[in-house]
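# just need the structure, nothing else, for what follows:
(one chain, ligands or ions: 2)
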Amino acid sequence: MKALCWNGVNDLRVERVPDPSILNPQDAIVRVIMSSVCGSDLHLLDGYVPSMKAGDIIGHEFIGEVVEVGAGVKKLKKGDRVVVGSIIGCGGCEFCQTDQWSLCDNSNPNPEITEKAYGYPTAGIFGYSHAFGGYAGSHAELVRVPFAETGSFKLPEGLPDESLVFVSDAFPTGFMAADMCGIAPGDTVAVWGAGGVGQMAIQSAYLLGAGRVIAIDRFKDRLEKAKTHGKAEVLNYEEVDVLEALKEMTGGRGPDRCIDAVGMEAHTTGIEQYYDKAKQTLRMQTGRPAVLRQAIMACRKGGTVSIVGVYGGLLDKFPMGAAMNKALTFRMGQMFAQKYIPQLLEVVAEGRVDPSYLLTHKWTLDQGPEGYKMFKEKTDNCMRVVFTP
Ligand SMILES: [Zn+2]
Ligand SMILES: [Zn+2]
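Ligands and ions are numbered 1, 2, ... in the order given. Below is the predicted model:
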């Protein structure tokens, strides 16, 4: 089959690879209908996630059709159209049983890597390095889906693929960001990053009762979408001092809840950007935490900082004093796909949120390398590219 393979930093190629096959009775093979790029893939492209190997198939957000099931799979059959969560969970361990799917004890066949880096191993993720299981990703014609019954959800009838594909990853990640905030009715929520996940965090904050949402980015088209589709107020951090502006907009109090939907490759202005970039390049820190620092400083006393932008390792100049003395609550994590996907399919089916506006470019898998280049450079107002094999 055809697949989009990582071959080194910024080196993606469309290659011919062997078709996947059932390796475990709980597997299914899914023919990909649509597979999306994700901001967290850029960390792979840029070489900030170790344990990638040449030839690895990337991609973790997709919908498809079941073409084969293992002997242990009863709830799915050939021909079912499904959305598959990006996080792989066994369904039986203590963490899956308590709906903390990205902490699954059994879905990562290479537990020693994250065990060493993080103290304990974490779950497998499609197409996201050998540290996260070494699973082949979804930018391919076919994907092997382990623990298929727990991670695949049948698509409601009559809705376009463009509205459903983002229920795999961007929407549940944004929803979890808002859910972790513990939003009280009327709260003001600030969201850093108005890409796919940020846009979904904005929508989700309102679903969960926020009174106001303020989106922070520098790309005008993304801020425009946050405004028109998300009903957010917007700040362009290249044009205003974000901390001052947030203070002013909230009567000197600060936002109640702050969401980091950016992660380890944050961009900022002035000397802070040069400092972070230099330290990251020299491997003296693994992430550039400009957004996280700003969220901590901006957050009101007693507020919550919720982090879904991905971090891999160590950070420098982390304002722990501000966090401690303001009694902030921190919530974070890779998303709990299987917990959120069923309820979000209902939200989409009811028409309460239509994530299809995230999709700006629909290309074929052959255009994968160009698609990622455009997504990375954010040319042509690119928010999300989806590939159809
Ligand atoms: Zn993702
Ligand atoms: Zn598990």
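
# and the pLDDT at whatever residue of the stretch 251-389 of the chain ends up closest to ligand 2?
Closest residue of the stretch 251-389 of the chain to ligand 2, CB to the ion: Gln338 (9.7 Å). (Glycine included, C-beta is placed from N, CA and C.) On pLDDT, Gln338 comes in at 98.

# so what's it up against?
85, 87, 89, 91, 96, 99, 101, 150-151 (CB atoms under 8 Å, 6 or more residues apart in numbering).

# try 10 Å
Neighbouring residues of Gln338 by CB atoms under 10 Å, 6 or more residues apart in numbering: 85, 87-89, 91, 96, 99-102, 104, 147, 150-153, 172.

# Ile214 too?
Ile214 sits next to 188-192, 202, 205, 226, 232-235, 242, 245-246, 249-250, 255, 258, 298 when contact means CB under 10 Å, 6+ apart.

# repeat the analysis, applying 7 Å as the threshold.
188, 190, 232-233, 235, 246, 249, 255 (CB atoms under 7 Å, 6 or more residues apart in numbering).

# just Cys96 next, same as before
Cys96 touches 89-90, 104, counting by CB under 7 Å, 6+ apart.

# cool, Ser107 as well?
88-90, 123-124, 133, 146-147.

# filter those residues down to the ones near ligand 2?
When contact is defined as CB under 5 Å from the ion, these meet ligand 2 at 89-90.

# for the residue in the stretch 1-150 of the chain positioned nearest to ligand 1, identify the helix or strand it belongs to.
Proximity of the stretch 1-150 of the chain to ligand 1 (CB to the ion) peaks at Cys38, 3.1 Å away. Counting by DSSP states H and E, no helix or strand carries Cys38.

# what is the burial count for it?
By the criterion of other CB atoms under 10 Å, Cys38 has 27 neighbours.

# and if you look at Val234?
Around Val234 there are 20 residues (other CB under 10 Å).

# need the contact list for it.
215, 223, 226-227.

# name the nearest residue to it, sequence neighbours excluded.
Leu223 (4.2 Å; CB to CB, 6 or more residues apart in numbering).

# any idea which helix or strand of the chain has the worst average confidence?
The helix or strand of the chain with the poorest confidence is helix 270-281; it has a mean of 85 (mean pLDDT, DSSP states H and E).

# tell me what the closest residue to the residue of the stretch 1-150 of the chain closest to ligand 1 other than its chain neighbours is bridged to.
Sequence neighbours aside, Glu61 is the residue nearest to Cys38 in space, at 5.4 Å (criterion: CB to CB, 6+ apart). Beta-bridge pairing for Glu61 (DSSP bridges): Ser36.

# tell me the spacing between Glu61 and Phe175.
14 Å (CB to CB, to the nearest Å).

# neighbour count: those two, which is higher?
Neighbour count, other CB under 10 Å: between Glu61 and Phe175, Glu61 has more, with 32 against 29.

# quick one, what contacts the more buried one?
Applying CB under 7 Å, 6+ apart, the residues contacting Glu61 are 35-36, 38, 86, 138, 165-166, 168-170.

# what is the nearest of those residues to Lys378?
Ranked by distance to Lys378 (CB to CB), those are led by Cys38 at 14.1 Å.

# ok, that closest one touching His60?
Yes. Counting by CB atoms under 7 Å, Cys38 touches His60, with 6.4 Å between them.

# need the overlap of contacts for those two.
Asp169.

# show me which residues of the stretch 51-200 of the chain are close to ligand 1?
Asp169.

# where do the strands of the stretch 51-200 of the chain begin and end?
If DSSP state E, counting those that start in this stretch is used as the criterion, the strands of the stretch 51-200 of the chain fall at 56-57, 61-69, 81-84, 87-88, 124-125, 142-145, 152-154, 188-192.

# so which residues on the protein come close to ligand 2?
Close to ligand 2, as judged by CB under 5 Å from the ion, the chain has residues 89-90, 93, 96, 104, 106.

# try 8 Å
89-97, 101, 103-107, 123, 147 (CB under 8 Å from the ion).

# what residue spans form the domains of this protein?
2-169+335-387, 173-332 (the TED database).

# list the buried residues in stretch 243-255.
245-247, 249-250, 254-255 (16 or more other CB atoms under 10 Å).

# sitting in helices, which of the residues you listed do you find?
245-247, 249 (DSSP state H).

# and the residue in the stretch 151-300 of the chain positioned nearest to ligand 2, what's its pLDDT?
Going by CB to the ion, ligand 2 is nearest to Gly151 of the stretch 151-300 of the chain, at 10.7 Å. pLDDT recorded at Gly151 is 97.

# neighbours of it, how many?
The number of residues packed near Gly151 is 27, by other CB under 10 Å.

# on that earlier part again, now the buried residues of stretch 243-255 in JSON lines, please, with extra columns for distance to ligand 1 and pLDDT.
Below are the buried residues of stretch 243-255 laid out as JSON lines (distance: CB to the ion, whole Å; pLDDT from 0 to 100):
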{"residue": "Ala245", "distance to ligand 1": "29", "pLDDT": "98"}
{"residue": "Leu246", "distance to ligand 1": "27", "pLDDT": "98"}
{"residue": "Lys247", "distance to ligand 1": "32", "pLDDT": "98"}
{"residue": "Met249", "distance to ligand 1": "30", "pLDDT": "98"}
{"residue": "Thr250", "distance to ligand 1": "30", "pLDDT": "98"}
{"residue": "Gly254", "distance to ligand 1": "29", "pLDDT": "98"}
{"residue": "Pro255", "distance to ligand 1": "25", "pLDDT": "98"}
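
# give the rounded mean pLDDT of the host helix or strand of Glu370.
In the assignment (DSSP H and E), Glu370 maps to helix 368-377. Averaged across helix 368-377, pLDDT comes to 97.

# helices and strands around that helix, which ones?
strand 12-16, helix 41-45, strand 359-364, strand 384-388 (3 or more CB pairs under 7 Å, 6 or more residues apart in numbering; DSSP states H and E).
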